[in-house]
Structure formats: structure tokens, C-alpha cells
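Q: Show me the folded form of this:
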Amino acid sequence: MLPETRYVKASDGVSIAFQVLGNASRDLVWVPGWVSHLEVAWEEPTLARFFERLASFSRLIMFDKRGTGLSDRVPESDLPTLETRMGDVLAVCDAVGSARTALLGVSEGAPMCALFAATYPERTTALVLCGGFARRLRSADYEEGTQAEVYEDILREISDRWGGPVGIDFRAPSRVNDARFRDTWARYLRAGASPGAAIALTQMNREIDVRAVLASIRVPTLVVHRTGDRAISVGAGRSMAEAIPGARFVELPGDDHLPWVGDSERILSEIERFLTGVRGSTGSDRVLGTVLFTDIVGSTELAAEMGDVEWRDLLEAHNGRVRREFERFDGREAKTTGDGFLATFDGPARAVRCANAITQTVREIGLDVRTGLHTGEIQFVNGEVHGIAVHIGARVATMAGAGEVLVSSTVKDLIAGSGLAFADRGDHVLKGVPGMWRLFALVEG
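A: Numbers count the residues shown, from 1 in each chain. Predicted coordinates for the structure are as follows:
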């Protein structure tokens, strides 16, 4: 069920839409970047999981800034300044009885949060800035900003292509070939703002410069930025952290700007550890899980036959399809091996169905994959998965034939009654694993 959408009137009578999720003692306000829509956001699984994870260690307070989403639309000439946005945050916090809160500002939400923390330190417990900036445009004394001509290109794209997945190539490059994500992103933008409002907001953001206030921030601050962020340079995040007294800067790998895309767990774990002192899932954590390995059959030969460009395009299409199935079946991508993946699941039946779906979907683009699955104890250490179950799963995958979903007897035994049928492939020795292992192949259909 979606959180209830409620409204509060700001000091000037404009209604601000907000939601509250979770009941932890620690309040956290999510300050979105650019445009948002509280209810359409929940249609995107990656964003929904991101919110739910934040709410696992906080009372998460979310809102649509005026002029966007479910909040009152205002004339494009009256879109909110940073000061107005701060007033709206105060109104929402007062409505839910939050006297002091941590702030999580994403992208253009970061400078507003920085200004809020400097202005209202008595209302701010901590500050988290993710993919943010203090100044948007490049200047003689700020090389980390965006060049003016690039900004003009952004404005033209909004003007010419609003209604489609505008900006996905630099906000979520890892999902640029994911048709489902493209459709959801486009709907999120359409619901979030009109074309004119999107242009006006983008033009307004071009004028943001809060560098002068950073030294006045006196609350605990975490700045998180991905190394390859294509929307906001990592240098922008680094310079913010350097200017805020005592701020902690964490640089993480990845090219995506949207924090809920890509390896979002790394970002979430850093935020959780900063706010609670507990790293969460990146600490040592032994659980029973199912590991799934995939591998493209004959990838070396295919790459040599096709040439670099054609093979790279095909590989990107393959990766997008595999990741879409991981998402559909609640799998957690643990690692990519160039032409294959390792993922973990908390349910073996879903893992097998995911493997079958992957086999079918990549066949549509002319590829065969072999997949192997095993269920056992796995351990998460610093975001990576370890354990003998991982080793066994990898060995099972090497035994699979083209287009075959091969599982250990442990997997087969655990999903009795699931309706999935298997063919006995006999006992095998798995290199580096003691004993004999009975393997079974999924019977398609």
C-alpha cells in the first residue's frame, strides 16, 4: 500500500503534498531534485525500494515542491526560490510534528538542504548531500560546473522532447536501453511538471550558487557522489565537502546520477551508517540465499566475429534484459563478469523462474546463456557476496549447456510444490567442492 498523501498549506497559502513512511525515532526529509511526483514514484521498483530502505532506519518524510507533482501548480514566473522551498520544508515538518530532522538532498535538492542547515541549525540534526552541487554553471573560479553551451542543449531537449525519457542518457546511463525504465521515467517527468515548468525550473537552477554559505554549516554532513556521474561532476561534490567544516566525502563507483539506479545499496548503506552508526547490509551478514550465475555461450567467438561496436551494442542489450528480470523477480545483482552476472535471491523458486525468464528473453536477441543455481549460506561483506554457496553455484553454471537452467539438488528440494519440473542430470564432481553433487535441469514449460 502506498503511504497516504496529505497536504499542508505553506505561509502563503500554497498547498504542499507530502507523505510519511516508517516509524523510527529519527526523522529524515527527502528533498528531491528537479521534478518529482509522490505517487508515480512508487511505480518505479528501484525508487520504491530506495524509499523503503530509507524508511527502515528513519521516519521518512517526502514532499513535492510547489509547482511540481501533487503540490499546487504555480505560475512559471512564481516557481519557488531556495528560500521559498525552505519555508515549504518547515511547513511539512511542522505538520508531522518534526522539531528536528536530518535532510537528504539529491541533485538540486542539495543546495537547498545546505542553505536550510546553515539557516536553521536548531531544526537540523544532520545533512546528507547526494550527487549535489553548490553552483550549477562553470565559471572562472568554478571549473566543476556545467558549461553554458551544454546547459543550452539541456534546455533544447526539454523543449523539443518533453513527454519522453528526457535526460535519461546522463541521469541513468545504465538504464538507457531498458524500455520499461525509460517508460516509467518519462511518465514520472510528465506527471511531475509541465514542459514550461520544467524549462523554468532548469533555468532557475542555472542561477544557483550557495558556495558562500557552506562554511557556515555546523551540523554533521555526509557528501556522497559517484565517480562517473554524468549529470553533476564528482568535482562538484568534492568541492562542497571541502567547503563544509568537518564534512565527510564518500566517492563511489558508477556513472548514474539518480541514486536509486545502479548500485543504490552502497549509497543507502553509507547514509544509514552516517545517520545511525550502523553500516547495515554491508557489514558481515550470513543468510540463507540462492545464488544465480549466468554466462553467454560462445561470447569470445561472437565478439571476434561481430567486431567491437556491434558486440558492445549486443552486450548492452543483453545486460538490460538480464537486469530487468532481476528487478522483476526481486533479485539482487552482486557482480557482473563482462558476459555474465552473479545475483542473489531470498527465494529459490523466484531465482529459478528468473533464470528461465533470462534464458527466454536473451534468446530473442540471438543469444544463448547457461545458468547455474545453488541455495546455501552466503555472506555479505562490504557489499560483496561470499561463501561456499557462491563457489558451488559457479561450478554448477559451468556444467550447464546452452540455454539450460541447471540447479543443485538443494534448490530442487526446496521448491517442491512450486510447479517447476526438472530432469535428472545425474551425479557430478564439482571442482574444489567435496563429494558428489546431483544436478537437475529445468524442463521448459
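Q: domains of the protein?
A: 6-282, 285-442 (automatic domain parsing).
Q: what sits against Arg59?
A: By Cβ atoms under 8 Å, 6 or more residues apart in numbering, the residues touching Arg59 are Val20, Leu21, Gly22, Asn23, Ala24, Ser25, Arg26, Asp27, Leu28, Val96, Ser98. Just so you know, the C-beta spots here come from the backbone N, C-alpha and C atoms, and that holds for glycine as well.
Q: re earlier: want to try JSON lines for the domains of the chain, with mean pLDDT as columns?
A: Below are these laid out as JSON lines (pLDDT from 0 to 100):
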{"stretch": "domain 6-282", "mean pLDDT": "92"}
{"stretch": "domain 285-442", "mean pLDDT": "88"}
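Q: got the residue ranges for the strands in the stretch 201-350 of the chain?
A: Counting by DSSP state E, counting those that start in this stretch, the stretch 201-350 of the chain has strands at residues 221-226, 248-252, 285-296, 332-336, 340-345.
Q: Most tightly packed of these?
A: strand 221-226 (a mean of 25; mean count of other Cβ atoms under 10 Å).
Q: Now that one - C-alpha only, CSV.
A: The C-alpha trace of strand 221-226 is given here as CSV (Å, rounded to 0.1, in the frame of the first residue of the first chain):
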residue,chain,number,x,y,z
THR,A,221,27.5,16.4,7.0
LEU,A,222,27.9,13.5,4.5
VAL,A,223,28.6,14.2,0.9
VAL,A,224,28.1,11.2,-1.5
HIS,A,225,29.0,11.3,-5.2
ARG,A,226,29.6,8.8,-7.9
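Q: does Ile378 sit in a helix, a strand or a coil?
A: strand (DSSP: H, G, I helix; E, B strand; the rest coil).
Q: Let the chain start at 130 from now.
A: Right, with 130 as the first residue, what we last looked at is Ile507.
Q: Tell me the spacing between it and Gly293.
A: Separation of Ile507 from Gly293 (Cβ to Cβ, to the nearest Å): 40 Å.
Q: These two: who's more crowded?
A: Using other Cβ atoms under 10 Å as the criterion, Ile507 and Gly293 rank with Ile507 on top: 22 against 15.
Q: my guess is that one meets Arg461, correct?
A: No: in this structure Ile507 lies outside contact range of Arg461 using Cβ atoms under 8 Å: 10.6 Å.
Q: shared neighbours, the two?
A: Shared contacts of Ile507 and Arg461, defined by Cβ under 8 Å, 6+ apart, comprise Thr473.
Q: rewinding a little: only whichever of the contacts of Arg188 are buried, select them in PyMOL.
A: To isolate the buried ones among the contacts of Arg188 in PyMOL, judged by 16 or more other Cβ atoms under 10 Å, type:
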select buried, resi 149+150+151+155+156+157+225+227
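Q: will you turn the contacts of Arg188 into CSV that also has distance to Asp207 and secondary structure?
A: Shown next, in CSV, are those (distance: Cβ to Cβ, whole Å; DSSP: H, G, I helix; E, B strand; the rest coil):
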residue, distance to Asp207, secondary structure
Val149, 27, strand
Leu150, 30, strand
Gly151, 33, coil
Asn152, 36, coil
Ala153, 36, coil
Ser154, 37, coil
Arg155, 34, coil
Asp156, 29, strand
Leu157, 29, strand
Val225, 26, coil
Ser227, 27, coil
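Q: give me the number of residues near the nearest residue to Val390 once chain neighbours are set aside?
A: Residue nearest to Val390 in three dimensions, not counting chain neighbours: Ala301, with 4.5 Å by Cβ to Cβ, 6 or more residues apart in numbering. Ala301 has 24 neighbours, counted by other Cβ under 10 Å.
Q: Please name the residues that touch Thr210.
A: Listed by Cβ under 8 Å, 6+ apart, the contact partners of Thr210 are Met333.
Q: the helices in the chain, which residues?
A: Taking DSSP state H to define them, one finds helices in the chain at 174-184, 211-224, 238-248, 277-290, 297-300, 308-321, 324-334, 363-372, 393-405, 428-435, 437-457, 477-492, 517-528, 538-543.
Q: Give the buried residues for the fourth one.
A: Right, the one you point to is helix 277-290. By 16+ other Cβ under 10 Å, the buried positions in helix 277-290 come out as Tyr280, Ile283, Ile287.
Q: With respect to Tyr136, which of those is nearest?
A: Nearest to Tyr136 among the buried residues of helix 277-290: Ile287, at 27.8 Å, using Cβ to Cβ.
Q: what about the closest one, distance to Asp201?
A: Distance from Ile287 to Asp201, by Cβ to Cβ: 22 Å.
Q: Enumerate every residue touching the nearest residue to Val137 once chain neighbours are set aside.
A: The spatially closest residue to Val137, leaving aside those adjacent along the chain, is Ala224, at 3.9 Å (Cβ to Cβ, 6+ apart). By Cβ under 8 Å, 6+ apart, the contact list for Ala224 reads Arg135, Val137, Phe147.
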